[in-house]
Each structure stands twice: as C-alpha cells, then as structure tokens.
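Novice: Could you work out the structure for the sequence below:
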Amino acid sequence: MFTGGGSAGHVTVNLALIPRFVEEGWSVDYIGSEAGIERQLIAPLKDVKYYGIATGKLRRYLDWQNVKDPFKVVKGAFQAYRIIRKEKPDVLFSKGGFVSVPVVLGAKLNRVPVLIHESDLTPGLANRIAIPLATGVCTTFTETEQYLPAGKARYVGAVIREQLKQGNASKGRAFCSFSSTKPVLLIMGGSLGARKINQAVRSALGRLTERFQIVHLCGKGQVEPSLESPYYRQYEYINEELPDVLALADVVISRAGSNSIFEFLYLRKPMLLIPLTKEQSRGDQLLNARSFQQAGFSDVLFEEQMTAETLTSSVEALYANRDKYIERMEQDERKDTLSMLFQMIKNTAKPGRK
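Specialist: Next up is the predicted model:
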C-alpha cells in the first residue's frame, strides 16, 4: 500500500515504484485524499485500487480552517484504519504530505510496518508527526540523519524518474523551434511561488534573449500571450516533452524543491536556485539550496535580492562558469536509488512477503 499527496512531489516517487511491484505480482493499493492531485496522478494506473479519505491541511498559520481540519484528520484516520484492516497490506510506503498522517496512524494501529520517504534536508511537518510510528525513514540528503531518531535513517539518495533519463536534445530543439546558434535557458517556477520569478524574467526578457533561447514553464494560468519572440517559448507545464527539453537545456533557473534539483544534478545541468522564502514555506528550500551551493552544484539567488538586473547577471555568471559546475556534478555518483528503495520496501514487509 502507498500513500502521499497534496502536491505532485509527494506522488512522483510512488509513481516510479508502483510498476515494479505490479510487475513482480504484488497487489497495490493507494490511499490519498478524496480530491487531491494524487487522485489524478494515480487514476491512469489500472492495476492500482485508489481509496480517497477525508483530510485536513496541517497549517503553521492562523486560519479558520484550522478549527475544522482536525476533525477531518480524525475522520480520515478512522477511514484509513478500516481500509487497511480490510485490505491487510504487508507494508505501507509513505511519501509524506498531510494526507499521509492518518494513513500511517491507521497502519500502525493495524500493525502494518511503515517505511517513510523524506525528500528534503529536514523532515516536513507531516513526516515529523508520522516518523515515531515508522520502522524507518529513507532520506535523500545525507545530512537528514541528524534530524531523525537514532537508528531510523536509511540514506538512499534521490529517486530519478526513468523517463527523464531518455531525453533527446534534438527532439527538444524541434519542439521549441529553436536554432543551434544560442544556448538554451530553462526556467521552472513551479506551481507554488512561480509568479515572482515570472515577473522578474519578463522584466529582464530583452536582455536575456540577447544571450539565450528561453523555455519558460510559468505555471497554470500564467502564460503571457503578448510576449512573443523567436527566442522565448512559454508553457504552463510540459509533460511528455519534458525529458527532451531538459536534455536541450544548457542551464536552469528553478526553485529549490528536492525532487527537481536532484533531477538537474543527475542530468548535470548547472542551476541557479531561487528558494522559496520562510514566509512562503517552512524554509526547507533554503536548506536544500544551501546544501547544493556548498557542494558546488548550483548558485543561489535569494528572492529578496531578485530583480531583473540581479537575475540577468546571476544567470550570465552561471553560464560563464558552467564547466565548473558540471565538473563538480560529475563527482556525484549516479546510483540506482529506485532499485534500492524497491528492495528496502520489500525488506520492511511482514515476514513471508520479503
């Protein structure tokens, strides 16, 4: 059984793992929220039975929903308990997100072993609540162990989506109708906090397009039709063609979400990271960005310092020094993390299913 949701980042690892279990003959169930993004992402998997439960968001700020949501979490815990008691899974793998808390609790009450995956350098609130109930916690950063109870950390590294490894730069160039005369800059603002990056990029567009051809993934509803240039392509999102566009990119501007930055690292793409501020998040992206900067994998531009001028000068410096960043990235070992994680989940399962 799998759980995780609230954002695509809390589902992608599960999507990578599920086919392996199906191929090996396991029955696979998924518990997520009733109407969250995880339901949409899991729906195409015909071999997976999806169960939606009530859930409330775990907020760190004052909101009237904070009064209602604890009752939703309690309801979700009862629902998860009954589902797990009926389906009798041998192991639960949790990718985190607020929907995972009642599911982990339901598994614990049914004596089902739980393995948690934490992408960020420090555990998020949902995982911090769930970790005491888990058998182990798989980490993406080596530094995460210091934030976990003794004996629970299982360092595995980053899970990279298999399709991203198959990108073709020529196909990416054709998709964007770009020439081979200018380097390509890929800008990914993410679904959260994309607006400020979009504003800075568009303010600097004239200067940026003098130097680069730009692919701008600007988020839902944030395409600006009035901006037209043979050197500028904007999309809300790219799905099927994303591996090809990544293969084409020479450098990347991105937020500092763990899944994305480790994919850029695997693909050896020099990156300028603009982490979400503490006002926008719990500060996890600031820690992720600092870790990558210290390792020599990226440069960092803090949002408070971002203007059209600082964005342009930072990305030009990144491109000028791209060989230095690639050299440091080449020193990072590419591991088959997906196979490691697959085996760890099987090893965590009840006796008889390992």
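
Novice: avg pLDDT for the longest helix that the chain contains?
Specialist: Taking DSSP state H as the criterion, the chain has its longest helix at helix 65-87. Averaged across helix 65-87, the pLDDT comes to 84.

Novice: do stretch 147-159 as well
Specialist: 93.

Novice: What's the end-to-end length of it?
Specialist: For stretch 147-159, the first-to-last residue distance is 21 Å (CA to CA, to the nearest Å).

Novice: Can you name the residues in contact with it?
Specialist: 12-13, 16-17, 115, 117, 119, 122-123, 131-132, 134-140, 142, 144-145, 258-259, 262-263, 265-266, 335, 337-338, 340-341, 344 (CB atoms under 8 Å, 6 or more residues apart in numbering). Yep, even glycine has a C-beta here, placed from its N, CA and C like the rest.

Novice: And it, what's buried?
Specialist: Under the neighbour-count criterion of 16 or more other CB atoms under 10 Å, stretch 147-159 has Tyr147, Leu148, Lys152, Ala153, Arg154, Val156, Gly157, Ala158, Val159 buried.

Novice: Same question for stretch 227-234.
Specialist: Applying 16+ other CB under 10 Å to stretch 227-234 flags Tyr231, Tyr232, Arg233, Gln234 as buried.

Novice: so after the longest helix of the chain, what's the next helix or strand?
Specialist: strand 92-94 (DSSP states H and E).

Novice: That following strand: partners in the sheet, and parallel or antiparallel?
Specialist: strand 2-3 (parallel), strand 114-118 (parallel) (DSSP bridges).

Novice: dump the residue contacts of Val252.
Specialist: Contacts of Val252 by CB under 8 Å, 6+ apart are Leu185, Leu186, Ile187, Met188, Phe264, Lys269, Pro270, Met271, Leu272.

Novice: Hmm, which of those residues is lowest in pLDDT?
Specialist: Ranking those by pLDDT, Met188 lands last with 91.

Novice: does it really touch Ser260, like I thought?
Specialist: Yes - look at Met188 against Ser260 with CB atoms under 8 Å: they come within range, at 6.6 Å.

Novice: ok, Val101 to Gly124 distance?
Specialist: Distance of Val101 to Gly124, given as CB to CB, to the nearest Å: 11 Å.

Novice: Please apply the same query to Ser291.
Specialist: Counting by CB to CB, the gap from Ser291 to Gly124 is 16 Å.

Novice: same thing with Val112?
Specialist: 22 Å.

Novice: again, but for Leu286
Specialist: When Leu286 is compared with Gly124 (using CB to CB), they lie 14 Å apart.

Novice: Return the distance of stretch 291-305 from the chain's centre.
Specialist: Centre-to-centre, stretch 291-305 and its host chain are 18 Å apart (CA atoms, centre = their mean, to the nearest Å).

Novice: which parts of stretch 35-42 are buried?
Specialist: For stretch 35-42, by 16+ other CB under 10 Å, it's Gly36, Ile37, Glu38, Arg39, Leu41, Ile42.

Novice: Adding distance to Tyr51 and pLDDT, write the residues you listed out as a markdown table.
Specialist: Compiled in a markdown table, the buried residues of stretch 35-42 are given as follows (distance: CB to CB, whole Å; pLDDT from 0 to 100):
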| residue | distance to Tyr51 | pLDDT |
| --- | --- | --- |
| Gly36 | 12 | 87 |
| Ile37 | 16 | 87 |
| Glu38 | 11 | 92 |
| Arg39 | 10 | 93 |
| Leu41 | 15 | 91 |
| Ile42 | 10 | 95 |
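
Novice: which among those residues gets closest to Val201?
Specialist: Nearest to Val201 out of those is Ile37 (CB to CB; 25.1 Å).
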